[in-house]
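Asker: Sequence isn't available, so here's the structure alone:
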């Protein structure tokens, strides 16, 4: 354990940002509070709407990715954005102590890395379903366990890559501009391997799969709904481009050369979009989810949901399929009716 915690912690008062004007502070407060609220409430709503009311009717494998994306976004919000918001509201001083500074600097990476890998998995799964619509019907729980193993393994080892290079000494600094603890010094080999493994390779994979997805899907279907569903996958991929690439490159460069504090704050601000981006993608591009959401919001004031096609149906719920249907059959697709996210026409 002493080896794992072999870090230098810098929590000097000189690192507190005192240059913010009142307008800047108000904008930052609003942005952080918005990210916390939408990151938690938006993704809890996605889990509620899809699993209880079937607001997004989709094959089990894709629903599994969507649900786990929502879960990782909630965890990311709680681990990263909530502490930053509290620190920002408490005079922009780190109030959680050295140990939590270490924990947040390292552990906060895990859900974000899991998010990246789930986005890659969702794109690959959709491409597979478009290319082999009949073969993809036999997606069993083994496939989910395979992806779960890959995601958890690669995400959890990310903070501990230094162990593989016999060098886990790192310097962690509280950055007053971004109100967050972050690594400011780490081994060159660790930084390069992390950049390749978690950004460059996923980027290449997403570019290839999404280009192939667009080409194949547009050839196989003329349905406007299916074409709109392509935008859903592309929108989730856009989250990766907006949130993770600027954050990773700015912080990777900052390990070796000085970087302006406003760039660091901007990188973290873009990273926080990963916590709430997906629910808006579903709402803007999935007609059924949009219809249910609008009806649910109107129904909140009347104590009921008035979406006739979205009434609760236990046998169509995700929980019923997982607890009752899935153990009794090997296939992963147990849907009845249209799959609004399906990219291939049947």
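Answerer: Great, that's in hand. From a predicted model like this one, the values you see are computed outputs, not experimental measurements.
Asker: Which parts of the chain are helices?
Answerer: 22-37, 43-52, 60-76, 82-89, 97-107, 109-131, 141-157, 188-195, 201-220, 224-254, 261-271, 277-285, 287-300, 318-320 (DSSP state H).
Asker: name the helices or strands packed onto the fifth one?
Answerer: Here helix 97-107 touches strand 7-10, strand 170-175, strand 180-185, going by 3 or more C-beta pairs under 8 Å, 6 or more residues apart in numbering; DSSP states H and E. Any C-beta I mention is one placed from the backbone N, CA and C, and that applies to glycine too.
Asker: any idea which of those strands scores lowest on pLDDT?
Answerer: When the helices and strands packed on helix 97-107 are compared by mean pLDDT, strand 7-10 comes last with a mean of 47.
Asker: coming back round to it: now render the helices of the chain as CSV, adding mean neighbour count and mean pLDDT.
Answerer: Formatted as CSV, the helices of the chain follow (neighbours: other C-beta atoms under 10 Å; pLDDT from 0 to 100):
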stretch, mean neighbour count, mean pLDDT
helix 22-37, 14, 87
helix 43-52, 19, 91
helix 60-76, 23, 91
helix 82-89, 19, 88
helix 97-107, 17, 80
helix 109-131, 23, 88
helix 141-157, 15, 89
helix 188-195, 16, 83
helix 201-220, 16, 83
helix 224-254, 19, 79
helix 261-271, 18, 85
helix 277-285, 19, 89
helix 287-300, 16, 83
helix 318-320, 15, 53
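Asker: Of all those helices, which one comes closest to residue 182?
Answerer: Nearest to residue 182, of all the helices of the chain, is helix 97-107, at 5.7 Å by C-beta to C-beta.
Asker: If we ignore the residues flanking it in sequence, what's nearest residue 65?
Answerer: Leaving aside its chain neighbours, residue 65 sits nearest to residue 122 (4.2 Å; criterion: C-beta to C-beta, 6 or more residues apart in numbering).
Asker: Quick check: the gap between that neighbour and residue 33.
Answerer: From residue 122 over to residue 33 the distance is 29 Å, taken as C-beta to C-beta, to the nearest Å.
Asker: hang on, the earlier thing: tell me which of the helices of the chain approaches residue 173 most closely.
Answerer: helix 97-107 (8.8 Å).
Asker: how much distance is there from the closest one to the middle of the chain?
Answerer: 21 Å (C-alpha atoms, centre = their mean, to the nearest Å).
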